[in-house]
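sequence? don't have it. structure:
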């Protein structure tokens, strides 16, 4: 997520009625969207047809290259009715934490995972498996260094399989081309999926490999199926040359070990295109059914692109921005609409259902949500600092066919969205410029949403996490309004508990300030960095702490603090007493502190915090450290290889 330079926050709460998980004692009518009417997409059909399409969009190449930069660097960016504590039970019955995800039952890949006994971690070009429970017997049981043509980035794990996803180099020596700028051995980026059998964690067996040409965007694991979204730029510049390339250069290649070593490419009548597509890119949606090892991967190819994705248990939504003639990458709030593609997910297959469009651009995956068949999306139009095209925020509700059924427009003018969270018939949106108004909305009727209440508070939230039916926690920054100018200076980290029991009168019940200006946390741009368990009264996240020396006058709010700490902050939360700091855990020794001076050590920066039973684990690239969850006495540590 790209940080905004301006600061402006309004926390918008959508909804009045509780979700079906927060069941009321009386029955209420549930409004379900009617089933979608699927309109099939057209296919490219032939190489001549493809060339004609590419030459048409080549007339406006500058905009397309700008978007490709967005697509290739897209955030792996999804709305739960209720966010339960991130925990699970292993086959052995152990209670352990899982990755903090947007939708219950829809897993998201991460750098580190646990199954209640082992820790699985990718770092640089290595895969490491460690036995971590019990904590006093921790040891590395498997390590692998990958070749230079594969860089692992994320993984999934279940009882039987470990799935490693990373970036590869796709080479197809079968393509013979006379184009000097595209030699036939030219490597192209790819997303590679390696599937290992976990029957022996000391000697992993690679049982399957799937590789798709293009740039990895994001993925989801639902039950026994994995779905991946990637983008592939089409080298249209080759058409400017007098030489004749092999037409396969323009088709995205893929390999699936189930089909042998042969490189596959779709035929032109297997490549679809969306109406009014505008970019020389492919959107590739891949599905793998893990329960059927002989079933080939489902690879669907579309002329289009992706930026953010959201997935429920049944559907995948892929969004991308559409730039108008006056919109550019470096001026991103000018005349941008968002297109949404909807896919049905079933047993490793992703089938296109519908396409829709709304005004404005979204922030990230949390700007999107599905509830009772309706799709909700929050966007921003205009620019915060442009009086002629002032920013405004909107919330749209779409039906199963992605046709608009309801909307709330012009929310918090001159501000921009910093975070969004939907919860059944409620939702939350934070906007910011100088102060943070908290708006409450009723979204129960998808045809007639309405505003209920409003609260103004300083600072803003980058991430919102449900605590229970009537409370939500905001993680962000404090802010001080500048004495000169129409803006505010962000300060240290801020954690706030919002009470929305009375939707007409929301309150900031408790607030905790962490450090001064310069303090950062991965949690502010990656929700997976949070460990939350209501049952264990546990809130933990990594922090890089900056603090102002005593006696420094920071009345203006623009003074940066000195670096003083890096590690994990562990909190408890009582609805009557507020937040309690239980422990700060660091992987930095006293000798490290003397060596580092005023700079952090990124190899020893805590990335994730997890628990297994009553043991709390902190993980960095350097080591795994274990503490008792009740006393916080250190139980052991494991220094990692490489």
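Yep, that arrived. These numbers come from a predicted model, not from an experiment.

Could you give the bridge partners of residue 638?
Here residue 638 sits in beta bridges with residue 624, as judged by DSSP bridges.

so who does it touch?
Applying Cβ atoms under 8 Å, 6 or more residues apart in numbering, one finds that residue 638 lies in contact with 130, 132, 138-140, 623-625. C-beta: built from backbone N, CA, C; applies to glycine.

Stretch 351-367: which residues count as buried?
Judged by neighbour count using 16 or more other Cβ atoms under 10 Å, the buried positions of stretch 351-367 are 352-356, 358-367.

just for the chain, where's the confidence low?
Under the criterion of pLDDT under 70, the regions of the chain flagged as low confidence span 1-30, 35, 60-93, 173-187, 240-244, 324-334, 434-436.

again, only this time at 50
Segments of the chain classed as low confidence (criterion: pLDDT under 50) are 1-27, 63-83, 183-185, 327, 332-333.

all helices of it, in order?
Along the chain, the stretches classed as helices by DSSP state H are 47-57, 61-72, 590-596.

Now residue 622: phi and psi?
Taking degrees, to the nearest 10, you get phi -90, psi -40 for the backbone angles of residue 622.

Quick check: it vs residue 565, distance?
With distances taken as Cβ to Cβ, to the nearest Å, residue 622 is found 16 Å from residue 565.

Run a quick neighbour tally on residue 346.
Per other Cβ atoms under 10 Å, the neighbour tally for residue 346 reads 13.

next one: residue 125
Using other Cβ under 10 Å, residue 125 has 16 other residues around it.

Please name the nearest non-neighbouring residue to residue 261.
Distances taken as Cβ to Cβ, 6 or more residues apart in numbering put residue 255 closest to residue 261, at 7.1 Å, once the chain neighbours are dropped.

Which residues does the one you found form beta bridges with?
Listed by DSSP bridges, the beta-bridge partners for residue 255 are residue 211.

What's the separation between it and residue 209?
For residue 255, the distance to residue 209 under the criterion Cβ to Cβ works out to 7 Å.

Of the two, which one has the most company?
Each of residue 255 and residue 209 had its neighbours counted (other Cβ under 10 Å), and the higher figure belongs to residue 255 (22 against 17).

Return the residues in contact with that one.
209-211, 261-264.

roughly how far apart are it and residue 296?
With distances defined as Cβ to Cβ, the gap from residue 255 to residue 296 amounts to 11 Å.

same deal with residue 433?
51 Å.

ok, these two, which is more surrounded?
Using other Cβ under 10 Å, the more surrounded residue of residue 433 and residue 296 is residue 433, with 25 against 16.

thinking again about what came up before, just the buried residues of stretch 351-367: which are in strands?
Members of the buried residues of stretch 351-367 lying in strands (criterion: DSSP state E): 352-356, 358-359.

Residue 498 and residue 358: what is the separation?
For residue 498, the distance to residue 358 under the criterion Cβ to Cβ works out to 27 Å.

no no, residue 390
In terms of Cβ to Cβ, residue 390 sits 19 Å off from residue 358.

try residue 51
From residue 51 to residue 358 the distance is 32 Å (Cβ to Cβ).

ok, now residue 392?
13 Å.

cool, and residue 219?
Looking at residue 219 against residue 358, where the rule is Cβ to Cβ, the gap reads 25 Å.

same thing with residue 591?
When distance is defined by Cβ to Cβ, residue 591 is 55 Å away from residue 358.

can you check residue 217 too?
Between residue 217 and residue 358 the distance, using Cβ to Cβ, works out to 20 Å.

what do you get for residue 402?
Residue 402 sits 9 Å away from residue 358, taking Cβ to Cβ as the criterion.

Common neighbours of the two, please.
residue 340.

number of nearby residues for the closest residue to residue 464 other than its chain neighbours?
Nearest in space to residue 464, with sequence neighbours left out and distances taken as Cβ to Cβ, 6+ apart, is residue 421 at 3.9 Å. Counted by other Cβ under 10 Å, the residues lying close to residue 421 total 28.

who touches the residue lying closest to residue 349 once chain neighbours are set aside in this structure?
Once flanking residues are discounted, residue 349 sits nearest to residue 298: 4.7 Å by Cβ to Cβ, 6+ apart. Residue 298 makes contact with 286-288, 348-350 under the criterion Cβ under 8 Å, 6+ apart.

and the gap between residue 298 and residue 228?
As defined by Cβ to Cβ, residue 298 lies at a distance of 10 Å from residue 228.

Common neighbours of the two, please.
Both residue 298 and residue 228 are in contact with 286-288, where contact means Cβ under 8 Å, 6+ apart.

Can you turn the buried subset of these into a selection I can paste into PyMOL?
Selecting just the buried residues from those in PyMOL takes one command, with 16+ other Cβ under 10 Å as the test:
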select buried, resi 286+287+288
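
Let me know the closest of the shared contacts of residue 298 and residue 228 to residue 486.
Of all the shared contacts of residue 298 and residue 228, residue 486 sits closest to residue 286, with 46.7 Å by Cβ to Cβ.

ok, that closest one - contacts?
When the contact criterion is Cβ under 8 Å, 6+ apart, the partners of residue 286 are 191, 210, 212, 227-230, 254, 297-300, 350.

Residue 417 now?
Applying Cβ under 8 Å, 6+ apart, the residues near residue 417 are 363, 367, 378-380, 393, 429-431.

Tell me the spacing between it and residue 429.
The separation that residue 417 has from residue 429, given Cβ to Cβ, amounts to 6 Å.

Show me the common contact partners of these two, please.
Taking Cβ under 8 Å, 6+ apart as the contact criterion, the common neighbours of residue 417 and residue 429 are 378, 393.

separation between the closest residue to residue 580 other than its chain neighbours and residue 469?
Spatial nearest neighbour of residue 580, chain neighbours left out: residue 572 (4.5 Å); criterion: Cβ to Cβ, 6+ apart. Computed with Cβ to Cβ, the distance linking residue 572 and residue 469 is 20 Å.

again, but for residue 620
36 Å.

do residue 544 as well
In this structure, residue 544 and residue 469 are 33 Å apart, going by Cβ to Cβ.

What residues are bridge-paired with the closest residue in space to residue 99 that isn't next to it in sequence?
Leaving aside its sequence neighbours, residue 99 sits nearest to residue 110 (Cβ to Cβ, 6+ apart; 4.8 Å). Residue 110 forms beta bridges with residue 155, as assigned by DSSP bridges.

What is the burial count for residue 110?
By the criterion of other Cβ under 10 Å, residue 110 has 24 neighbours.

any chance of the ones in strands among the buried residues of stretch 351-367 in CSV, with distance to residue 445 too?
Conversion of these to CSV gives the following (distance: Cβ to Cβ, whole Å):
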residue, distance to residue 445
352, 29
353, 24
354, 22
355, 25
356, 20
358, 19
359, 21
